[in-house]
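Chemist: Model the structure of this input:
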Amino acid sequence: MKKRILVVEDEDKLRRVLELQLVSAGFEVDKAASAEEGIKLVDRADLVLTDLRLPNMDGLQLLALIRRQNAQVPVIVMTAYGSIETAVESMKAGATDFLLKPFSLDHLMQVVAKALEVRALRDENRQLKAELGRRYEFDNIIGRSQAMQEIFDTIERVAPTRATVLLAGESGTGKDLIARAIHFHSPRRDRPLVKINCTALPENLMESELFGYEKGAFTGANTTKPGKFEQADTGTVFLDEIGDVPGAIQVKLLRVLQEREFERLGSNVVRHIDVRVIAATNQDLRAALEQGTFREDLYYRLNVVPINIPPLRERKQDIPFLASHFVKKLAPDSGGRVESITDAAIEKLLGYHWPGNVRELENVIERSLVMCAGTQLDATDIKLESAPGPGGAPRPQSEAHFLPEGLSLDQYEQEIIREALRRADGNKSQAARILGLTRNALRYRLTQMGLEA
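Modeler: Numbers count the residues shown, from 1 in each chain. Coordinates of the predicted model:
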């Protein structure tokens with residue numbers, strides 16, 4: 001596209017000469033005989049060429065207005081009353097260059113070309129910085145590792161579509177943030193995003209919560225209530241911990257995905273719905289397929305675009321950037337004393353195995369900020385948890401990922417499950433939450449141990 005230059009000059013003859021020269025050089029030209037006329041045309045200009053001596057408002061006043069209205073446009077000032085002081089004053093006010101009348105048209109074109117080249121470089125620099133910002137931080141999702149870069153690319157590609165997405169990753173890896181990023185970068189961004197935590201819904205209430213119910217459908221149903229899917233109509237449903245959905249509900253979810261229709265509990269009226277589904281799980285759904293706890297047809301309907309989120313221990317190069325991000329984010333709410341984190345503190349964070357992933361890192365930073373007395377978060381301020389060793393004694397952090405002496409992996413896992421059940425007073429749902437498992441996954445392990453009954 002042709003560049004557009006605004007010429008502000010009160011002398012008619014010179015204004016005409018400048019116009020002819022610039023048009024012959026391939027530019028589009030807007031003309032103004034006063035600053036008042038010129039300021040109205042600044043927004044569409046790629047460059048402004050203005051006299052310093054103008055009726056009523058002078059060129060320096062115009063320059064100040066231009067900088068407030070369009071800070072990026074280059075401005076070249078012209079005057080027949082030039083001096084070093086005038087040039088310095090103009091440059092301080094934000095002029096890109098200075099032309100002393102009389103000047104040759106060749107010199108004018110050199111100055112214009114240079115100013116436009118500088119602007120192009122600055123625009124390119126701003127664009128690159130913006131791309132880097134988007135590249136390394138996508139809606140508060142921080143990641144410079146190759147794995148996270150690939151996830152950012154996938155989000156950008158899949159968000160504009162209505163394709164179903166399946167997010168897989170350990171607890172605390174940021175599945176919720178990625179689901180939100182997909183929704184808010186989609187054409188449905190202004191429509192509802194309804195999150196459904198499948199683990200938190202009791203099995204006997206799940207159908208009515210998801211699909212709604214009619215008045216009188218069951219005892220206590222005194223009114224008609226729409227379900228979560230109806231609330232999300234034309235928007236997005238985020239099904240968190242999809243692997244924990246009972247088989248009977250899996251059939252109804254499959255119908256929604258295939259036919260875009262459902263029926264409320266206690267009704268035979270078929271309702272049609274337009275929702276985009278994003279599902280998430282922290283368990284291996286393929287293993288659930290083999291165990292028969294998850295439907296194969298539903299799995300393939302959900303797994304249209306899979307996004308596997310690596311645990312933090314597999315992308316430790318992201319830890320310095322995540323830690324700095326959390327310090328800036330959390331410091332104001334922790335007294336505001338801490339301004340940065342030291343290299344020694346980062347090294348300590350890098351040496352930890354992060355079983356709780358990014359969520360655990362955020363909690364550690366928040367706790368450390370509260371306890372820190374200085375303006376820098378140092379290694380001594382970072383308090384990390386060590387896994388228990390044999391007999392309940394804490395093991396050194398560097399050995400936290402090794403098995404207790406004399407125990408096999410299966411034996412150690414069974415000891416952990418028994419301890420979780422003891423702490424939960426035998427409540428299997430609570431024990432599953434302690435272990436970071438779904439109810440189905442815990443039931444499977446208990447069956448293998450002969451403890452399910």
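Chemist: Ile341 reaches Phe321, doesn't it?
Modeler: No - contact status for Ile341 versus Phe321: not in contact, 10.9 Å apart, counting by C-beta atoms under 8 Å. All C-beta atoms are positioned from the backbone trio N, CA, C, and that covers glycine.
Chemist: neighbour count winner among those two?
Modeler: Ile341 (26 against 17; other C-beta atoms under 10 Å).
Chemist: need the contact list for that one.
Modeler: Applying C-beta atoms under 8 Å, 6 or more residues apart in numbering, we find Ile341 in contact with 323-324, 327, 376-377.
Chemist: what's the answer for Leu108, then?
Modeler: Here Leu108 is in contact with 18, 21, 99 (criterion: C-beta under 8 Å, 6+ apart).
Chemist: How about Asp123?
Modeler: When contacts are taken as C-beta under 8 Å, 6+ apart, Asp123 is in contact with Gln72.
Chemist: quick one: it is in a strand?
Modeler: No - assignment of Asp123 by DSSP: H, G, I helix; E, B strand; the rest coil gives helix, placing it outside any strand.
Chemist: low-scoring stretches of the stretch 301-450 of the chain, by residue?
Modeler: 336, 386-407 (pLDDT under 70).
Chemist: ok, now with 90
Modeler: Low-confidence segments of the stretch 301-450 of the chain, defined by pLDDT under 90: 328-339, 351-353, 355-356, 370-376, 383-450.
Chemist: which residues in it form helices?
Modeler: In the stretch 301-450 of the chain, the helices defined using DSSP state H, counting those that start in this stretch lie at 319-330, 343-350, 357-371, 409-423, 428-435, 439-449.
Chemist: likewise the stretch 151-300 of the chain?
Modeler: Using DSSP H, counting those that start in this stretch, helices in the stretch 151-300 of the chain cover 175-184, 206-211, 228-231, 247-259, 285-291, 296-302.
Chemist: Return the distance of stretch 274-287 from the chain's centre.
Modeler: 20 Å (C-alpha atoms, centre = their mean, to the nearest Å).
Chemist: pull the CA atoms of it into PDB?
Modeler: What follows is stretch 274-287, C-alpha atoms only, in PDB (Å, rounded to 0.1, in the frame of the first residue of the first chain):
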ATOM      1  CA  ASP A 274     -24.900 -25.800  20.200                       C
ATOM      2  CA  VAL A 275     -21.900 -26.200  22.500                       C
ATOM      3  CA  ARG A 276     -18.200 -26.700  22.000                       C
ATOM      4  CA  VAL A 277     -16.800 -29.300  24.400                       C
ATOM      5  CA  ILE A 278     -13.400 -29.300  26.000                       C
ATOM      6  CA  ALA A 279     -12.600 -32.200  28.300                       C
ATOM      7  CA  ALA A 280      -9.700 -32.800  30.700                       C
ATOM      8  CA  THR A 281      -8.300 -35.700  32.600                       C
ATOM      9  CA  ASN A 282      -5.400 -36.500  34.800                       C
ATOM     10  CA  GLN A 283      -5.600 -40.300  34.200                       C
ATOM     11  CA  ASP A 284      -4.700 -42.500  31.300                       C
ATOM     12  CA  LEU A 285      -8.000 -42.900  29.400                       C
ATOM     13  CA  ARG A 286      -6.400 -45.700  27.200                       C
ATOM     14  CA  ALA A 287      -5.800 -47.700  30.400                       C
END
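Chemist: buried residues in that stretch?
Modeler: 275-283, 285 (16 or more other C-beta atoms under 10 Å).
Chemist: Go through those and name the one nearest Glu11.
Modeler: Nearest to Glu11 among the buried residues of stretch 274-287: Arg276, at 61.9 Å, using C-beta to C-beta.
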